[in-house]
Structures are given as C-alpha cells and as structure tokens.
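> Sharing a model prediction with you, sequence too.
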Amino acid sequence: MAMSCDRSRKKWQKVLYKDQGVSDNYVDESFLEEMKKNLHIRTYEFWAVVRESNVVMQQIYSVWIFVAVYFHMRNFVLTPQFLFEMSSAVTIVGYIVNFVILHENALTKSRWKDGKTMGIFLILGFSLSPILMTLTKTISTDTIYAMTFFMLLANLLFHDYGTDAAIVSQAFSLNAAIFASICLASRLPTTWHAFSLVTFAFELFALWPILRRNLKIILSFLLGSVVTVSVATVSSVAVVVFLLLHLFITILCPAWLIRLQPYKNNIHGPWDEAVIKQ
Amino acid sequence: MWKGPRGSGLFRIYFPIECLNRPSAFTIGYVDESNKWAVVTGLLRPSESSARDPEGQDRGSTPLSSLIGIWINRDDDRGGGGEEDALHWTGDHSLYSSSSLSSSSDTDLLCLSKTGEVLAVNGHPDHYLCKGRAFEFVIILYDSALFLASCTLMQLMNNSDDDDGDDAGDRRNNRQQDNVQIISGSLAKHQTYVDSCGSEIQKRFAFSAHRRRKPFLLHVADCMFAFPEYLLMNLILIPSSWLSNLRFFQIPAIKMMIDIPSTLNQMKIRYGSYQTECLTAQTGRHCPKQPSTRNVNVCCLFGDVCLGLLTLGFLWTSGCIDSYADRFIVWAEAVAVEFESLLHWLMGVPAGLKVNEPLAYFLGHFFLYHIFLWKAYLRTLRPFWSDICYYSCLSGCLGLTVQLSLLQDLISMMTIHIYCFYVYAARLYHLQIVALSSLWRLFCGKKLNVLRKRIDSASYDIDQLFAGTLFFTILLFTFPTTTLFYLVFAVLRLLVLSIQGMLSTSVSFMNKMPVYWFFLRLVRPSSTAGRLNASVVQHEPLCIYLQLKPISFRELFRMSTRNAPSAEVLGNTWTSLGKKLILGELIYPWIEPSPKSHPS
C-alpha cells in the first residue's frame, strides 16, 4: 500500500509501455486536458447574415420570375415576340456591363467565342422548337408540373452559391433548369412560344448568374418587387406564399442560425486528423 | 525387404482371361515402370533347346524383345514337365535379366502363378519388386478377344469424351480410358510384333491375342458399301470437295454467302469436307481391322438420302404440294394485312400507352411502306410458287437434312420483312439507349473516361450543356415510343427464330446421329463396347475382372448431342439473350460454328 502511494504521487503518464502500478481502467485527473472546444467559432452579426442570405434569394427570384412568365404566356398576356425582344435587349445590356466590369483584354477572342455560343444556341433552339412543342402532348399536365417542380428544386439545391460544399454541381443545376423549361415549353401552343420561353430560361439560368457574380451590387429590392408584381398578376395565393418564403429565408433563418450558435459544441483535440499546412 | 514406403504406387498387371487355363509358358507383353503397368498379350512356349541352352535363344532369328516374365499354371494336367521347367527357369533368373530379354534390362521378371483358384505374383502375395522398388499390385483380367473386336467404339468415345464432360465423370472416364488405352495400345503393338516374327516363333505361341480375320459382319459391310461408296466418291464427293477447295470459294464474301443460307451450309457440311475426313481417318488407327470411318459416313449419308427420297416420293405422289403451296401464299398475304393493322394500332393508342404522336406516325408510315413493297413481292411470286415448292422437293435426293434446311431457308425468306423491321427497330433502340446514357452523364456533369473505364467529373461549356440537355429531353420523351415498336418486332422475330431453331436442331441431330453404330449394336453387340465393368474375382491378392459391355442405346443417343458446342461456348444462354434484348443488340440465329469460322 505504501508503495502504491509513492507511485501515484509521480505524475501519471499517458503511456502503455510503462507499468505505472494502476489498473487498466484507471482514469486520471488529467483526462481530456487537451480537449479544446469550439476553436473556430465565428460570431455572426444579424444584418450581415441577412445580407448574405440574399444570394439564395436571388436564385429563388429567378425561379419565380420564370414560372410567372410561363403563366403569363399561357394566359396570352405576354406575347412571345415581346418576351424575346425584351430578353435579348436585357442580355445585350448585361453583356456589355459584364464586359465593362471585367476589363477583359482579350477582346476579339472572347467576343468571337460568345458570338459562336449565341449562334449555336439560337440555331439549335429554333430548329428543335417544333419537336419540343409536341414532345409531351400525350403526357398529362399534372405530371409535367410535378416534373418541373422537382427539376427547379434540384436547380435550387445544386446551385453554386459561392460555398465549397460537395453537393454543388453547377452543370446539374443548369441542366435541371433547362429540362424544366422544356417541360413547360411543351405545354405552350405555338413554336414561337416554346422558342421564346426556352431562350428566356437559358438567359435567366445560365447567363444571369455570371453577371450576378461579377456585379456585387444588391439588386434585391428591385428584383423582389418585380417578382412580387409579376406573381401577383398570376395568382394572389402565390404572392402570399412568395412573401412568406422571402421572410422566412431572409429574416427567420438568420435569426435561427444566430440563436443556435450557443449550442455549438465542437471538440478538437490531439485525436484530430493531421492537416498539412503548406 | 521393403525398399520404399508402402503404397508408393499401385502396379497394374493386365492378364488375358483366356490364358488362365493355358499351360505354363513365357509371357509376352509390355511393361511401363513410370506409369506402373504391365500388359501380358501372349504366351510363348519355350523351344526344346531352351531348357538346356537358355542362351541359345539369344541367337535366334528374332530377339524376343517383349518377353516380360513367366506364367506358371500349377493346375495344368500336362503340368508335370511344365512345372519342372518353370522351377528350372526361375532358378536361372539372373540369366534372363542379364541377357536383356525383357523390355528393360534391370527389371525383375514378372512371374504369375495360379494354384487352384488363387493367382499370385512372384510368389509374394503382397508386393511386386520392380527395379528394386516395392509396389502393391492388382491383377486385372481382361477379355482380349472382345477388346480386339470392339476397340472401335471405345476409340470413338475417347475422342468425343476429350472435348467435354464434367469433372467427376471425367475422372472416372479418364481412368477407364486409361485402362482401355493401355490394353489396346499393347494389343496393337502385339499385332505388329507377331506379324514381324518368324514363323517358327509363331508356331510356339501357346496363346496370342491376335486376330487373324476380320469379323464376317464387317466384311459384309465393307462389300455392301464398296460399290455405292465408289459411286459417291467419284461422282459426287470428290468433285464437290474439289469445288469447295477452289480459290473462288475462299473469298470471304462468297464464303459468307454460302454460310448464311442453311441449305448451302448443310451441303457444305455433308459433302464439302468429306475429303479431309477421309484423309484423317487413315492416320492414327489403333486397331488395324476396325470398320473405316468412310463406311460410317457413307452409312450416315445413306440413311439421310433414303429418308429424303421417301419424303420426296410421299410428297409427289400424294399431290398435297399444290394445296399446301396455295394455302401458304394466301396465309402470307393475310399476314401482311395483319401487319398493317398492327402498325395502325401502334400509331394510335396501343394498349392505352401514350406514345409520342409525330414519332409514332413517322415510324408507322415508314414500316407501312415496307409492307406495301412486301405485298407487291408476294403478288409477283404467286404464279410460280407452287412450281417452286414442287421442284424444291427434289432436293430430297440429297437427303432429308437438305430438305429440312431448305424449308428453313424458305421460312426465312418468307419472313424477311419481319427481319428487316426487327433490324431497323433494334438499331434505333440501341442508338437511343447509347445516346441517352451518354447524355445522362452530361446531365449530371460527368463524363466517361474511356481509357480508365470509369466516370469522371467534367467541366462543360454552357452551349454544350444546353445542347446536351435539349437532346436528352427529346430522346427521353421519345423513348417509350421506340421501345414499344422495338418490343413488338423483337417478339415477332423471336417467334420466327424459335421455329427456325427447331428445324436446325433436328437437322444437326440427324447430322450427328451414329447410324452405323446403331445398326451394329443391334446386329452384333459384342463389336460395340461402351462400358467397362469391374468385378472383384479374388481379394488376396486383389484381382479384378474387367468386362466390356456393349454400349447402351441411350449412350448412342447422347453421342449425337454430345459433340455440339455447349450453349455457353456459343454465348447463347438465357442471360445473354435477355441482355441483348434489353440493350437492343441484334440476335442472330443459332448457327453452329464450324471449326474454321467463328460464330457470327
């Protein structure tokens, strides 16, 4: 007994190759000394988070605008010519703005490439529109709407919002959006309708995010009001849902996030995987 | 005095059962130490001078190179002197071993003896010393006469068993074939040895497993078949095999043209390769007096031709050709009309399924035009059809198999439009599946890495993505339509193929049926041996009697189906069929691959 007292006065070491005179399941007071909690915590400020949640909202705006445009075309409020002209004009303006912002040096090369892209896209779209129009004639409208819903949801989920997550797949989100637009376009009466809707969708989902990333100006209020107005003219229920969604994502979610911060309990310790720092 | 571990090998000593009652004599035969067997094929009485001057035999005209030992029959009535001689011989062991009379210079001599009902070797009941090593032995008694008479079929079975057979049966068969090969090989060597011996030695044979005369039946068969064989060979077969060896027929295009219609293929199998079979039959025959393969083939052909002529006679005299031909044409035209209505049904709302209208419309009209062409073809064929049928029965002269394969060809010609439709629909379906799978990968932002055979992520341009998605959507929505057309035509094609398959199976069955052996088995069962029966005669030392039993009819029947390459080899199992159906790859008819060409 005296001998074990002597030994325990010596500091217990966390090694197994020495016989330290204690039983196998001995727990020392220095247990979990090296554990560190919540090392890399970030403090969030409410309005900063609200501003950042804007990115998600912008994409949601795109989706809602697109659906609203579809419904307007279906109700013959919007003519395809008008849509085509408007979207082309906005695209050209946006292209010039993008061009100015980026100060690209390789002028001619990029212009030629972009021109080629546009050419291919227009030709393809125009020649395939008759096929697209009759593609889903025999499928019921409900199925089409369900497919569109899921495809647009996929677009929102997989979109690149600027984070580094594994789920992000830019190609998949774009493809899903185009698929959804083709589904909806096949419901429209004439070829022109289909073509203009597909063009609009392409410009909205493929080209607009590029400009958005380079702009770094928050156009949310302008865009938000456009969306509200357009949706309101389609159906009032939709507006209410949209506004609620807006509130939820912009106000509630940040608040929730900040409220949950105190419950964070990350533990770090010598058991973590080694990270090689260059 | 054991020089090695017990059971270092089982030494097999084969002894003819006819020799059990012969007086004592020298044993002639062959020994193989490495494979541990010894076969006794004859008994040689010693010459008068040998008892006094053993070495005198050395200076005889023929060296007795196959002397392997002595046989002592203590029961022999004439035995007194023989036993003395035997004892005298065993006393002079060393002389024989040193004078290299046995097949190998330092083998101990084999000394078999019979006392009462008990056989023994070298006086030791348990073991036999060979080259100083001790072996357990087993005495195997065999019927040399039967073996000589019926080595034919065993050879045939050996050759056919080499190709296939499952593992357990194979091992058993291998052991059986081993015994048979050893015995028949030794017997064959014995024949040549006896033929080369001088007459004075031949007179001394107390027993020799040596057949002097061919059995009468085979003689009769030879005579019977000689004249027709002469006719066939010189008039038909040799010219036709000369034709088939012409350079003209080696051109791949021509070869393909001949392989495809099964009539020509059948004729090629029957008549074209006859010469090479003839040549190969000359070499590698163990038993010199077996019935030649030519007889076998001629008999097969004959049966075929007889049946064909019978059918021909029946069809011509009963006059049902005309009515059948007429009915056939009417039926073919009715089928065309049914086809049209089927296509109209597909273009509408088939089975409540929703097909893509423009595509279904386009495909339907495309196929309808083909039906229109087909009906025109039938109309032009109608006046000549019954004549064609009547004169094509003439092919019965060449055999029933040729008639059946002609029928198969006629069926395939009559259903050529089904084949065309199937090919179109299958190609379209396959194309669509391949495109869909590739575009789906583009949809997910991935790409197939052909080098590493895996899926990698890829960065595409926006216009590539757009075009890809567009085409993907179009192909996806038109997929059910294409599938429907493909399924309908595939089912029809499979129906036709099953009918053709039945015909070709019966043709190949008739090709392979061993008619000659069948008749031989009926008439003279002892000539056709198919099974070995082993029964234990005595236990100590182990002595087994190996009996040859005639082949059973079921075995003969199985021989005709045995040589067909198995389904796995051809790649035509049910799973592969299902896979081909799903993927839209073309299903070709069941063509048996000849050794030269690969299966299409």
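That came in fine, so what should we check first?

> Reduced to three states, what does B:Leu43 come out as?
strand (DSSP: H, G, I helix; E, B strand; the rest coil).

> what's around it, how many residues?
25 (other C-beta atoms under 10 Å in any protein chain shown). (C-beta placed from N, C-alpha, C; glycine too.)

> hey, what's it bridged with?
On the basis of DSSP bridges, B:Leu43 is bridged to B:Thr27, B:Phe207.

> what's the pLDDT at it?
Each residue has a pLDDT score; the one for B:Leu43 is 76.

> so it touches B:Ile72, yeah?
No. Taking contacts as C-beta atoms under 8 Å, B:Leu43 lies outside contact range of B:Ile72: 11.2 Å.

> Could you look up the SS state of A:Thr163?
Per three-state DSSP, A:Thr163 ends up coil.

> and it, how many neighbours?
8.

> Over to it: give its phi and psi.
phi -100, psi 180 (degrees, to the nearest 10).

> Quick one: residues contacting B:Ala38.
Counting by C-beta atoms under 8 Å, 6 or more residues apart in numbering or on different chains, B:Ala38 makes contact with B:Phe11, B:Arg12, B:Ile13, B:Tyr14, B:Gly29, B:Tyr30, B:Val31, B:Asp32, B:Ile68, B:Leu110.

> ok so it is a helix residue?
No. Under three-state DSSP, B:Ala38 falls outside any helix and is assigned strand.

> what are the bridge partners for it, then?
B:Ile13, B:Val31.

> Name the nearest of the contacts of B:Ala38 relative to A:Met147.
B:Arg12 (78.9 Å; C-beta to C-beta).

> Would you mind confirming that B:Cys420 makes contact with B:His370?
Yes. In this structure B:Cys420 lies within contact range of B:His370 using C-beta under 8 Å: 6.5 Å.

> For chain B, what lies in contact range of chain A?
Counting by C-beta under 8 Å from any C-beta of the partner chain, chain B comes close to chain A at B:354-358, B:442-445, B:459-463, B:465-470, B:472-474, B:477-478.

> do that again at 7 Å, thanks
B:354-358, B:443-445, B:460, B:462-463, B:465-467, B:469-470, B:473-474, B:477 (C-beta under 7 Å from any C-beta of the partner chain).

> What's the PyMOL syntax to select whichever of those residues are buried?
PyMOL command restricting these to the buried ones, with burial defined by 16 or more other C-beta atoms under 10 Å in any protein chain shown:
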select buried, chain B and resi 355+356+358+443+444+445+460+462+463+465+466+467+469+470+473+474+477
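
> so who does A:Thr148 touch?
By C-beta atoms under 7 Å, 6 or more residues apart in numbering or on different chains, A:Thr148 lies in contact with A:Ala180, A:Cys183, A:Leu184.

> give me the element it is part of.
helix A:141-158 (DSSP states H and E).

> Distance of the closest residue to chain B within chain A relative to A:Leu156?
Nearest residue of chain A to chain B: A:Ala171, at 3.2 Å (C-beta to the nearest C-beta). Taking C-beta to C-beta, to the nearest Å as the measure, A:Ala171 falls 15 Å from A:Leu156.

> Those two: which is more packed in?
Higher neighbour count among A:Ala171 and A:Leu156: A:Ala171, with 22 against 16, using other C-beta under 10 Å.

> Now that one. Nearest residue, chain neighbours left out?
B:Gly445 (3.2 Å; C-beta to C-beta, 6 or more residues apart in numbering or on different chains).

> Pull out the buried members of the contacts of A:Thr148.
Buried among the contacts of A:Thr148 (16+ other C-beta under 10 Å): A:Ala180, A:Cys183, A:Leu184.
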